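A.B. asks: What follows is a predicted protein model with its sequence.
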Amino acid sequence: LSRTKSELEETASLAASNSKDKDCPSMSIHVADVTNVSEVEDTIATILKKWGGIDILINNAGTSQKPKGTLETLSADDLRTLLDLNVVGVHIVTSAVLRQ
């Protein structure tokens with residue numbers, strides 16, 4: 001699950017080429033904004049329909065302050081964006097998976 005399809009395709013390709021277990025099932029890739037509740041819930045439903053469940057969640061979406069600077073230079077809007085992705089997005093995905 002990512003916002004960027006090209007990055008997902010690259011990751012899936014790398015995982016497949018490095019897999020020692022050739023009988024391992026293929027991956028599915030899904031593009032969604034983790035800060036958007038309905039996109040996440042729809043994506044989780046799609047994953048559950050295809051795979052029947054989610055055994056492991058690696059919830060590592062995040063970003064850092066742009067541009068880098070001291071605390072007093074960080075605008076409230078930029079802070080909200082950071083918190084939405086780094087904290088709220090983690091909660092949205094984790095809770096959507098746990099409810100299944």
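C.D. replies: Yes, it's here.
A.B. asks: The strand or helix carrying S13: what's the following helix or strand?
C.D. replies: Using DSSP states H and E, S13 falls within helix 5-18. Scanning forward in sequence from helix 5-18 by DSSP H and E, the next helix or strand is helix 37-51.
A.B. asks: helices and strands around that following helix, which ones?
C.D. replies: Judged by 3 or more Cβ pairs under 8 Å, 6 or more residues apart in numbering; DSSP states H and E, helix 37-51 is in contact with helix 89-98. C-beta: built from backbone N, CA, C; applies to glycine.
A.B. asks: returning to that earlier point: please identify the buried residues of the helix holding S13?
C.D. replies: L8 (16 or more other Cβ atoms under 10 Å).
A.B. asks: can you give me the offset of it from its chain's centre?
C.D. replies: Distance of helix 5-18 from the chain centroid (Cα atoms, centre = their mean, to the nearest Å) equals 15 Å.
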